[in-house]
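Enquirer: After the sequence you'll find the predicted model.
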Amino acid sequence: MDVNINPALKRVAKMTNFRWVICGLLFFATTVNYMDRQLLSLTWKDFIAPEFHWTDSDYGTITAVFSIVYAIANLFAGRFIDWLGTKKGYLWAIFIWSVGACVHALCGWATEHTLGMHDAAELVGATGAVASTIAITSVYYFIAARVILGIGEAGNFPAAVKVTAEYFPKRDRAYSTSIFNAGSTIGALIAPLTIPSLAAYFQSIGVGNGWEMSFIIIGGLGFVWMGVWMWFYRKPTASPHVNEAELAYIEQDNVTPDETAKQKADIEDSSALAIPFLKCFKYRQTWAFFLGKFLTDGVWWFFLFWTPAYLSDVYHLPSSSGTAQMLIFVLYLLTMLSIYGGKLPTIIMNRTGLNPYAARMRAMFIFALFPLLAIFAQPLGAYSYWWPVIIIGIAGAAHQSWSANMYSVVGDMFPKSTIATIVGITGMAGGLSSFVINKSSGVLFDYAEATQMHFMGFTGKPAGYSIIFCICGVAYLVGWTVMKLLVPRYKVIRVDGQKEK
């Protein structure tokens, strides 16, 4: 780990490791982010729909609006984080999305008062035109809550990646990013095991219809995080928890033997200028990251949103069954392997001496090969439903490893003053990718079932799933090729005065 590290690091035998505490806070924030995002998907069918007379189309409308708002908000969230700074910017982001999560709990009350009703029982008992009016009114209120949630959640990854660039040298960024990014997997793993149980418990003791308290409790976790963040976070040069040796390690990419880490950091902070927003789009690097995310992020969101439906449609395993829950648990447990994916670029750099971009692209090529297994998910599923679940888990781990390195590449090439902006732009690409693949999948599956379409020896919905699995399988190699064509070699973008070089 000490290959080519500045001699200043060797002057002190023992250094603090506060950067990993910060990484832990990023992990927790990302976990809460994903749990808040899944609150609606885990409560709407059994708890919310009966109260408000929702159809699948109503729920689809709400999720579609969320995806678009999240995508658009990403475009501006990164710029907001760069402008306000990581401490205040992150606080605002998690405050907004936590408020958005909690506001969902008020949608029932708002619907009752808007329509002049007195309680949930009156909503549930409505029929005919009244029921339709309840559905339409409640959908608008839930859309408003999802808009707040989407705007806030858009700030998580731009802020987290920017913090990682502040607290970790380039050689460690992919590993640290893979750790905090694993929070998305942990959130997806914990949510199905806790949220429905919370809603059922509060429903059983007569607190609303149960689902309201699940939104309040899970949404409230964000406010707890805010208190810890305000207490602990300072930039490395100002943190009392970071000693001279750790500061030198963090700043090793910028420090020369005759400069202290703090002197170099002060110079960089005072001279670096943020790249104007529109000018960011003139760089090939921006488009490489944008297209890389657009071509691959939808795969993760497809697996996240459609795997339970896949198990139900193809294997007739409802999500409430113990078998389906065990399969989903194992799937997300496998995706935790992505933590080790962040180490691969560091190993490549240490063994070959390659620059960060070359090492990350080599690692990303390796990760792009694993999703090819998805092509065989449906054929192998004819023997056992464990095969597609294991394959999806491996593909999910590869995606998270790919994504962690993608974020790190942004930090390698753009100045710290603009990192969050670029991550926000790529986050918009990911949101659009999610919208496209999930909307298209739903249309395809309905069409495949209605026409009894044939593909690879399968008929109906299984044929539709086979098509999507094949698209998911090749997406990463296509994304890697596009990125390599646009940015064939390592090229750092620096701002000096008004001139980029």
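Expert: Perfect, thanks for sending it.

Enquirer: Could you use CA atoms for every contact and neighbour count after this?
Expert: Will do.

Enquirer: Tell me how the protein divides into domains.
Expert: Domain assignment for the chain by automatic domain parsing gives 1-16+243-271, 17-242, 276-501.

Enquirer: mean pLDDT lowest for which of those domains?
Expert: Here the lowest mean pLDDT among those goes to domain 1-16+243-271, at a mean of 60.

Enquirer: Now mean neighbour count too, for the domains of the chain, in CSV please.
Expert: Shown next, in CSV, are those (neighbours: other C-alpha atoms under 10 Å):
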stretch, mean neighbour count
domain 1-16+243-271, 15
domain 17-242, 20
domain 276-501, 20
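
Enquirer: secondary structure class for residue 490?
Expert: Secondary structure, DSSP: H, G, I helix; E, B strand; the rest coil: residue 490 is coil.

Enquirer: Grab the nearest non-local neighbour of it.
Expert: Counting by C-alpha to C-alpha, 6 or more residues apart in numbering, residue 490 lies nearest to residue 357, which is 5.5 Å off, once chain neighbours are set aside.

Enquirer: Okay, and that neighbour sits in which element?
Expert: Element membership for residue 357, per DSSP states H and E: helix 356-369.

Enquirer: Just the CA coordinates for that helix, please, in CSV.
Expert: What follows is helix 356-369, C-alpha atoms only, in CSV (Å, rounded to 0.1, in the frame of the first residue of the first chain):
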residue,chain,number,x,y,z
PRO,A,356,-5.6,5.6,-11.8
TYR,A,357,-7.7,5.8,-15.0
ALA,A,358,-6.0,3.0,-16.8
ALA,A,359,-6.2,0.8,-13.7
ARG,A,360,-9.9,1.5,-13.1
MET,A,361,-10.7,0.9,-16.8
ARG,A,362,-9.0,-2.5,-16.6
ALA,A,363,-10.9,-3.3,-13.5
MET,A,364,-14.2,-2.1,-15.0
PHE,A,365,-13.6,-4.3,-18.1
ILE,A,366,-13.3,-7.3,-15.8
PHE,A,367,-16.5,-6.3,-14.0
ALA,A,368,-18.3,-5.9,-17.4
LEU,A,369,-17.8,-9.6,-18.1
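
Enquirer: Residues in contact with whichever strand or helix holds residue 325: which ones?
Expert: Assigning secondary structure by DSSP H and E places residue 325 in helix 322-335. Applying C-alpha atoms under 8 Å, 6 or more residues apart in numbering, the external contacts of helix 322-335 come out as 185-186, 188-189, 307-308, 311, 317-319, 386, 389-390, 392-398, 400.

Enquirer: how about a cut-off of 7 Å?
Expert: The contact list for helix 322-335, computed with C-alpha atoms under 7 Å, 6 or more residues apart in numbering, reads 185, 189, 317, 318, 319, 389, 390, 392, 393, 394, 396, 397.

Enquirer: Including secondary structure and distance to residue 98, could the residues you listed go into CSV?
Expert: Below are these laid out as CSV (DSSP: H, G, I helix; E, B strand; the rest coil; distance: C-alpha to C-alpha, whole Å):
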residue, secondary structure, distance to residue 98
185, helix, 19
189, helix, 20
317, coil, 33
318, coil, 30
319, coil, 27
389, helix, 32
390, helix, 33
392, helix, 30
393, helix, 29
394, helix, 31
396, helix, 27
397, helix, 28
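
Enquirer: Show me where the stretch 1-150 of the chain has its helices.
Expert: 18-43, 49-52, 56-84, 86-103, 107-115, 120-124, 128-153 (DSSP state H, counting those that start in this stretch).

Enquirer: And for the stretch 151-300 of the chain?
Expert: 156-167, 170-204, 211-232, 244-250, 261-271, 284-315.

Enquirer: Next, format those as JSON lines and append distance to residue 78.
Expert: As requested, the helices of the stretch 151-300 of the chain are exported to JSON lines (distance: least, C-alpha to C-alpha, whole Å):
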{"stretch": "helix 156-167", "distance to residue 78": "5"}
{"stretch": "helix 170-204", "distance to residue 78": "17"}
{"stretch": "helix 211-232", "distance to residue 78": "19"}
{"stretch": "helix 244-250", "distance to residue 78": "23"}
{"stretch": "helix 261-271", "distance to residue 78": "18"}
{"stretch": "helix 284-315", "distance to residue 78": "13"}
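
Enquirer: any idea of the angle the helix holding residue 357 forms with helix 284-315?
Expert: Put simply, helix 356-369 runs at 20 degrees to helix 284-315, going by axes from the mean of the first three to the mean of the last three C-alpha atoms, to 10 degrees.

Enquirer: next structured bit after helix 356-369?
Expert: helix 377-381.

Enquirer: Report all helices and strands that that next one contacts.
Expert: helix 386-413 (3 or more C-alpha pairs under 7 Å, 6 or more residues apart in numbering; DSSP states H and E).

Enquirer: Can you give the distance of the helix it packs on from its chain's centre?
Expert: Distance of helix 386-413 from its chain centroid, counting by C-alpha atoms, centre = their mean, to the nearest Å, is 11 Å.

Enquirer: again with stretch 209-216
Expert: With C-alpha atoms, centre = their mean, you get 24 Å for stretch 209-216.

Enquirer: Quick one: residues in contact with it.
Expert: By C-alpha under 7 Å, 6+ apart, stretch 209-216 touches 39, 43, 47, 101-102, 104-105, 195, 198-203.

Enquirer: cool, stretch 31-39 as well?
Expert: 101, 153, 183-184, 186-188, 191, 195, 215, 218-219, 221-222.

Enquirer: now for the helix or strand that comes right after the helix holding residue 325, which elements pack on it?
Expert: Later in the chain than helix 322-335, the nearest helix or strand by DSSP H and E is helix 338-341. Under the contact definition 3+ C-alpha pairs under 7 Å, 6+ apart, helix 338-341 sits against helix 170-204, helix 386-413.

Enquirer: Can you check what angle separates the next helix or strand after helix 338-341 from helix 386-413?
Expert: Heading C-terminal from helix 338-341, the first helix or strand you meet, by DSSP H and E, is helix 344-352. In terms of direction (the same axes, to 10 degrees), helix 344-352 departs from helix 386-413 by 60 degrees.

Enquirer: Outside of the helix holding residue 357 itself, which residues are in contact with it?
Expert: With contact meaning C-alpha under 7 Å, 6+ apart, helix 356-369 is reached by 170-171, 344-345, 348-349, 398, 401-402, 405, 409, 476-477, 480, 490.

Enquirer: ok so, going back, got the contacts of stretch 209-216 as JSON lines, with distance to residue 113 columns?
Expert: What follows is the contacts of stretch 209-216, written out as JSON lines (distance: C-alpha to C-alpha, whole Å):
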{"residue": "39", "distance to residue 113": "24"}
{"residue": "43", "distance to residue 113": "22"}
{"residue": "47", "distance to residue 113": "20"}
{"residue": "101", "distance to residue 113": "20"}
{"residue": "102", "distance to residue 113": "18"}
{"residue": "104", "distance to residue 113": "15"}
{"residue": "105", "distance to residue 113": "14"}
{"residue": "195", "distance to residue 113": "27"}
{"residue": "198", "distance to residue 113": "26"}
{"residue": "199", "distance to residue 113": "23"}
{"residue": "200", "distance to residue 113": "25"}
{"residue": "201", "distance to residue 113": "26"}
{"residue": "202", "distance to residue 113": "22"}
{"residue": "203", "distance to residue 113": "21"}
